[in-house]
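> Sequence first, then the predicted structure:
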Amino acid sequence: MLYRAVILIYGVILIAGGVMGYAMAGSMASLLTGGISGLLMLGLGIVSKEKPGFGMRGAAGLSLLLLIFWIYRTIQLSGEGKSVMISGMNIALAAAVIAILGYGHMSAMRRRRAEGETSHPAS
């Protein structure tokens, strides 16, 4: 399933970003937040095989929290006159994941509604 793959890939990217933040800037906060959020995302990806609704909604919720964090971080960095390139890329990535998962959710709802209509003919 495409949506499960998106969740798993995003989890790997989050972990890699945390490792890169630590390697480039010595940021233990990057390592911890990237590692924890990445592992949570990977866990949600694994859970989504058996419980797709829970996994997709959980991943979308976590992505939304990350989006809010990166918007805050971008505002903070721009106020300090620092580069916002990395935080901007994280905003785009989180927004893309939310959009993909939202599309998947809406598609599943349409499909479920259509199946319900065909299995219960109008009287």
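Yep, that arrived.

> outside of the host helix or strand of I36, which residues touch it?
Element membership for I36 (DSSP states H and E) is helix 28-47. Defining contact as Cβ atoms under 8 Å, 6 or more residues apart in numbering, one finds that helix 28-47 is touched by 4, 7-8, 10-22, 54-55, 58-59, 62, 66. For the C-beta atoms, the positions are set from N, CA and C on the backbone; glycine is no exception.

> Tell me how many other residues crowd L40.
Counted with other Cβ atoms under 10 Å, the neighbours of L40 add up to 15.

> hang on, the earlier thing: how about the helix holding I36: buried residues?
30-31, 33-35, 37-38, 41-45, 47 (16 or more other Cβ atoms under 10 Å).

> Next step: the contacts of helix 28-47 restricted to helices.
4, 7-8, 10-22, 54-55, 58-59, 62, 66 (DSSP state H).

> distance of the closest residue to Y22 other than its chain neighbours from R111?
If the residues on either side of it in the chain are set aside, Y22 comes closest to L31, at 3.9 Å by Cβ to Cβ, 6 or more residues apart in numbering. Using Cβ to Cβ, to the nearest Å, L31 is found at 40 Å from R111.

> just G26 next, same as before
48 Å.

> what sits against the residue nearest the centre of the chain?
Residue closest to the average C-alpha location in the chain (Cα atoms, centre = their mean): S63, at 3.5 Å. For S63, the contact set (Cβ under 8 Å, 6+ apart) comprises 10, 94, 97-98, 101.

> Now for those residues, which sits with the most neighbours around it?
Y10 (26 neighbours).

> For it, list the residues it contacts.
For Y10, counting by Cβ under 8 Å, 6+ apart, the contacting residues are 41, 59, 63, 93, 97.

> mind putting those residues in JSON lines, pLDDT included?
What follows is these, written out as JSON lines (pLDDT from 0 to 100):
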{"residue": "M41", "pLDDT": "98"}
{"residue": "A59", "pLDDT": "98"}
{"residue": "S63", "pLDDT": "98"}
{"residue": "L93", "pLDDT": "97"}
{"residue": "V97", "pLDDT": "97"}
